[in-house]
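>>> Have a look; sequence and predicted model below, questions after that.
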Amino acid sequence: MQAYLWNKLADDGLREDLGLGDITTELTIPGELYGRMLLRARQNLVVSGLPIVRAVYQILSPRVTVHFYKEDGQRCLAGEGIGSVQGPVDVLLSGERVVLNVLTWLSGIATLTREAVDLVSGLDVKILDTRKTHPGLRVYEKYAVRTGGGHNHRFGLGDAVLVKDNHIAARGSIRQTIKNIRQHAPYGMFIEVEVDRFEEIDEVLQAGVDGVLLDNMSCDELRRAVAYIDHRVVVEASGGITLKNLRQMAETGIDAISLGVLTHSAPHVDIGADWEREP
């Protein structure tokens, strides 16, 4: 991901946290005091968001040096070091919270994504994210999904055509909706239609689509639909799928499974900062 995006996130975070200064550090830490802060995993996790460390401390001071022991996308066991920063203690303290906030947030997404990917290991199915992201933070959350081994669905409404029930209800029929799209969509754009009943599949296929999204179907319904579609188009499943039933759903032969939970409900992981004072 481009450096300017990490710089923007770092700048936004520092402006928010240091808007009025770091009064506690200013009153307790002399400027000549140097130290080393070790970023350590306190649970098993998948690392994501490391560029934020350099971005934060490049903004704060050129006297800070950063070393990484892991890379984004790597597993890290509880107790292992992720990286370290060395320099003036007052500077390290002022950037600590922004760094940890981003690392625990994005590593949480990557860790949950890797858990989902591992659950479908050996099956020819992709784990996708959704647009259920926090406003203004989508690019970072989708980056974390990729570092966890998942795949990105649409970044925005203009990336591909995904016809949902409200589009069809407003237009009147699946056939008329797809006909209108084919007439006006950019050449080669992927067109997918969401269906929640088996009976809708034939009409969708006859309308000439590239993909079918099977929404909130049971495992048996998915298996039946996948067998009927028989690789004529890409088949995706969404809705009602959790980590508990993910493997079972994936074994239906589906091509992709989209999980909103990866970005809207991934718990932050536990990453700490351990201090070593230098003479």
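Yep, that arrived.
>>> any idea of the mean pLDDT in stretch 167-185?
Averaging pLDDT along stretch 167-185 gives 81.
>>> Report the secondary structure element holding F155.
Assigned by DSSP states H and E, F155 falls within no helix or strand.
>>> can I assume it is in contact with Y140?
No: if you go by CB atoms under 8 Å, F155 and Y140 don't touch, sitting 12.0 Å apart. Backbone N, C-alpha and C define where each C-beta goes, glycine included.
>>> Return every residue with contacts to both of those two.
Common neighbours of F155 and Y140, using CB atoms under 8 Å, 6 or more residues apart in numbering, do not exist here.
>>> which residue ranges form the helices in the protein?
3-17, 23-28, 51-60, 89-119, 138-147, 165-171, 174-184, 201-207, 219-229, 246-250, 261-264 (DSSP state H).
>>> returning to what we had before: more neighbours: F155 and Y140, which one.
Y140 (23 against 14; other CB atoms under 10 Å).
>>> so how far is R42 from the more buried one?
According to CB to CB, to the nearest Å, Y140 and R42 sit 22 Å apart.
>>> same deal with T24?
24 Å.
>>> Which of those two has more residues huddled nearby?
Per other CB under 10 Å, whichever of T24 and R42 has more neighbours is R42, with 14 against 10.
>>> With adjacent residues omitted, what lies nearest to the more buried one?
Among residues not flanking R42 along the chain, D270 sits closest, at 4.0 Å (CB to CB, 6 or more residues apart in numbering).
>>> Over to L246?
Closest to L246 by CB to CB, 6+ apart is L119, at 5.0 Å.
>>> was I right about the one you found contacting R247?
Yes: L119 lies in contact with R247 (CB under 8 Å); the separation is 5.1 Å.
>>> Now do stretch 131-142: distance to the chain's middle.
Relative to its chain's centre, stretch 131-142 lies at 7 Å (CA atoms, centre = their mean, to the nearest Å).
>>> How about stretch 82-99?
25 Å.
>>> so where's the stretch 151-279 of the chain shaky on pLDDT?
277-279 (pLDDT under 70).
>>> can you do 90?
164-188, 207-208, 275-279 (pLDDT under 90).
>>> And the contacts of stretch 8-17?
Contacts for stretch 8-17 (CB under 8 Å, 6+ apart): 52, 55-56, 58-60, 94-95, 97-98, 101-102, 140.
>>> Can you list the buried residues in that stretch?
L9, A10, G13, L14 (16 or more other CB atoms under 10 Å).
>>> With stretch 235-254 instead?
For stretch 235-254, by 16+ other CB under 10 Å, it's V235, E236, A237, S238, I241, L246, R247, M249, A250, T252, G253, I254.
>>> Isn't the second one up against L214?
If I follow you right, that is E236. Yes: between E236 and L214 there is a contact at 7.0 Å, judged by CB under 8 Å.
>>> what touches both of these two?
I254.
>>> Export the buried residues of stretch 235-254 to TSV and append columns for distance to V66.
Output for the buried residues of stretch 235-254, formatted as TSV (distance: CB to CB, whole Å):
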residue	distance to V66
V235	45
E236	40
A237	42
S238	39
I241	39
L246	37
R247	39
M249	41
A250	39
T252	46
G253	46
I254	42
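>>> Let me know the closest of those residues to A185.
E236 (18.7 Å; CB to CB).
>>> Nearest to V193, out of the helices of the chain?
Across the helices of the chain (criterion: CB to CB), the nearest stretch is helix 201-207, sitting at 4.8 Å.
>>> any idea how far that closest one is from the chain center?
32 Å.
>>> Now do the buried residues in that helix.
Quick answer for helix 201-207 (16+ other CB under 10 Å): I201, V204, A207.
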